[in-house]
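S.K.: the sequence and its predicted three-dimensional model are supplied below.
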Amino acid sequence: MKTKPRLHQLTVTADGESLISSAGASLLVDTARLAGLDTALRRALSPWCGPGAVHDPGKIILDLAMAVALGGDCLADLGVIRAQSQLFGPTASDPTVSRLIAKLAADAPNALAALRRARAAAREQVWNTSSPVPDKGHIVIDLDATIVLAHSEKEGATPTWKRTFGFHPLLAFLDHGPGGTGEYVGGMLRIGKATANDAAAHIAVLSQALQQIPEQERSRVLVRGDAGAGVQAFVRHLHETGLAYSVGLYVHHPILDALPQIPKQAWRAAIDPDGSARDGAQVAELTRYVRPSKSPWPPGMRIIARRERPHPGAQLRITDADGWRITVFATNVVGGKIAEHELLHRLRARAEDRIRCLKDTGLRNLPLQGFAANQIWLEIIALANDLLAWTQHLALTDTPARAWEPKRLRLRLLSVAGRIVRTARRRFLRLPRDWPWFDVVLAGHRRLAALSP
């Protein structure tokens, strides 16, 4: 008869002193300090700091961003930060936090602008310390919308086009390719019934995103989006502002009529990111077959089609032709091979990864009742995402953790416990030596120290 091994029984007590349950979050604290985010928030939110206030509004918002970065999804989760004052410093009470959010929501346009200025100032300092973008080539900004479900009658929550109930925010990210940070650089909270192809919303979010990028880098921006961004008013705006773009187009009848006109030899093999030919996928340029001499689209726009055999079991759409899955996009980038342009556009799918990570960092549910208050919450999520992205870029570069998504980053690094020890008028944060990733945390702190002025 085999006996199952018993787990060792533990006697649980609550007499541990100077223990920190989120010791890995010290990386976030040091990153915020190196980026100047604490100072930028304090300056930006000074108009909302009342006379005799004990807690600075900038510190409160930064603490909320820390809580969200650690996995919090409501204001009350600030309690995790409050319980670790030795690491995060004094933290405001729940009523104080609620009053500040209400005050900011009452003056939402100015408060949102102030928060975005603080983020832009900190981002410029991070980029000046260690630029995450290549010296040459495009800086890609991805635009995409997503559905955020609501489970109660919150202000602005309406039925959505997916037959759900909630909100339909439009978001902007930096590309998260090799070396990219995937930073969240712009967003607009919209009601659930907002359309995906709203040109005015795309222009507003793009304007936010450009303000987040250092001015000397803005001329290199390439805007990438799905068919929701491929509307005439938005594409013309991109043309007039001199930006490169790669946006999806709806497969309508002029395009369907043009497909049979393309000679067989005009189709070229599509490629994968490693440069190899993609099996069963081809690309061709449709510009000369679709664009009339007088067109409402801006000059210089190229139309490129991709066709691919659907995988077994996939259902064809009404716009697919002759058993091919057809997708079309427009770009104004000249030169190069059309397969390379198509690959660049197809990598827009990385934006879906960033949305998933954002939903793991506070966007799964908008916790507040008022629409303006949830707009403030969206900016707090942006700050949390910035902290995680900058920590990975500055502290965790050249380590596997550089590419970890937030969930894994929290589980392996940020949640490690530690003990604060005071000796010789200095404080030390001691981590467990048998934790598999303690060396990554230590290396991150050394790198941040080396980058500090």
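M.R.: Yes, it's here. Numbering: from 1, shown residues only.
S.K.: any weak-confidence spans in the stretch 101-250 of the chain?
M.R.: Applying pLDDT under 70 to the stretch 101-250 of the chain picks out residues 179.
S.K.: mind redoing it with 90?
M.R.: 131-137, 151-152, 161-162, 176-181, 250 (pLDDT under 90).
S.K.: where exactly do the strands run in it?
M.R.: Using DSSP state E, counting those that start in this stretch, the strands of the stretch 101-250 of the chain run over 139-145, 148-149, 158-159, 165-167, 170-174, 184-188, 221-225, 244-249.
S.K.: right, and those strands - which one's nearest residue 353?
M.R.: Closest approach to residue 353 among the strands of the stretch 101-250 of the chain (Cβ to Cβ): strand 170-174, 9.2 Å. All C-beta atoms are positioned from the backbone trio N, CA, C, and that covers glycine.
S.K.: the closest one packs against which elements?
M.R.: Strand 170-174 is packed against strand 139-145, strand 184-188, helix 199-212, helix 350-358, with contacts defined by 3 or more Cβ pairs under 8 Å, 6 or more residues apart in numbering; DSSP states H and E.
S.K.: using JSON lines, lay out the strands of the stretch 101-250 of the chain together with distance to residue 105 and mean neighbour count.
M.R.: Putting those into JSON lines (distance: least, Cβ to Cβ, whole Å; neighbours: other Cβ atoms under 10 Å) gives the following:
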{"stretch": "strand 139-145", "distance to residue 105": "23", "mean neighbour count": "24"}
{"stretch": "strand 148-149", "distance to residue 105": "18", "mean neighbour count": "19"}
{"stretch": "strand 158-159", "distance to residue 105": "20", "mean neighbour count": "14"}
{"stretch": "strand 165-167", "distance to residue 105": "16", "mean neighbour count": "21"}
{"stretch": "strand 170-174", "distance to residue 105": "20", "mean neighbour count": "26"}
{"stretch": "strand 184-188", "distance to residue 105": "16", "mean neighbour count": "24"}
{"stretch": "strand 221-225", "distance to residue 105": "30", "mean neighbour count": "25"}
{"stretch": "strand 244-249", "distance to residue 105": "33", "mean neighbour count": "23"}
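S.K.: so in this protein, which strand runs the longest?
M.R.: The single longest strand within the chain, with elements called by DSSP state E, is strand 277-285.
S.K.: for that strand, name the packing helices and strands.
M.R.: Looks like strand 277-285 contacts strand 268-271, strand 302-308, helix 338-346 (3+ Cβ pairs under 8 Å, 6+ apart).
S.K.: dump these into CSV; add distance to residue 132 and mean neighbour count as well.
M.R.: Output for these, formatted as CSV (distance: least, Cβ to Cβ, whole Å; neighbours: other Cβ under 10 Å):
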stretch, distance to residue 132, mean neighbour count
strand 268-271, 25, 16
strand 302-308, 28, 21
helix 338-346, 18, 20
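S.K.: and the residue nearest to residue 324 when sequence neighbours are not counted, how far from residue 155?
M.R.: Nearest residue to residue 324, sequence neighbours excluded (Cβ to Cβ, 6 or more residues apart in numbering): residue 307, at 3.9 Å. As defined by Cβ to Cβ, to the nearest Å, residue 307 lies at a distance of 45 Å from residue 155.
S.K.: what's the closest of the strands of the stretch 101-250 of the chain to residue 280?
M.R.: strand 244-249 (20.6 Å).
S.K.: list the buried residues in stretch 366-379.
M.R.: 366-368, 370-379 (16 or more other Cβ atoms under 10 Å).
S.K.: before we move on, what about stretch 194-214?
M.R.: In stretch 194-214, counting by 16+ other Cβ under 10 Å, buried: 194, 196-199, 201-202, 205-206, 208-214.
S.K.: CA atoms of that stretch as CSV?
M.R.: Taking Å, rounded to 0.1, in the frame of the first residue of the first chain, the C-alpha atoms of stretch 194-214 are listed here in CSV:
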residue,chain,number,x,y,z
ALA,A,194,-19.3,54.5,-30.4
THR,A,195,-18.3,53.4,-33.9
ALA,A,196,-15.0,51.8,-34.8
ASN,A,197,-14.4,54.1,-37.8
ASP,A,198,-14.9,57.5,-36.2
ALA,A,199,-12.3,59.7,-37.9
ALA,A,200,-12.6,62.5,-35.3
ALA,A,201,-11.8,60.1,-32.5
HIS,A,202,-8.8,58.7,-34.4
ILE,A,203,-7.5,62.2,-34.9
ALA,A,204,-7.9,63.1,-31.3
VAL,A,205,-6.2,60.0,-30.0
LEU,A,206,-3.3,60.4,-32.5
SER,A,207,-2.9,64.0,-31.3
GLN,A,208,-2.5,62.7,-27.8
ALA,A,209,0.0,60.1,-28.9
LEU,A,210,2.1,62.6,-30.8
GLN,A,211,2.2,64.8,-27.7
GLN,A,212,3.7,61.9,-25.8
ILE,A,213,6.6,61.5,-28.2
PRO,A,214,9.6,63.8,-27.9
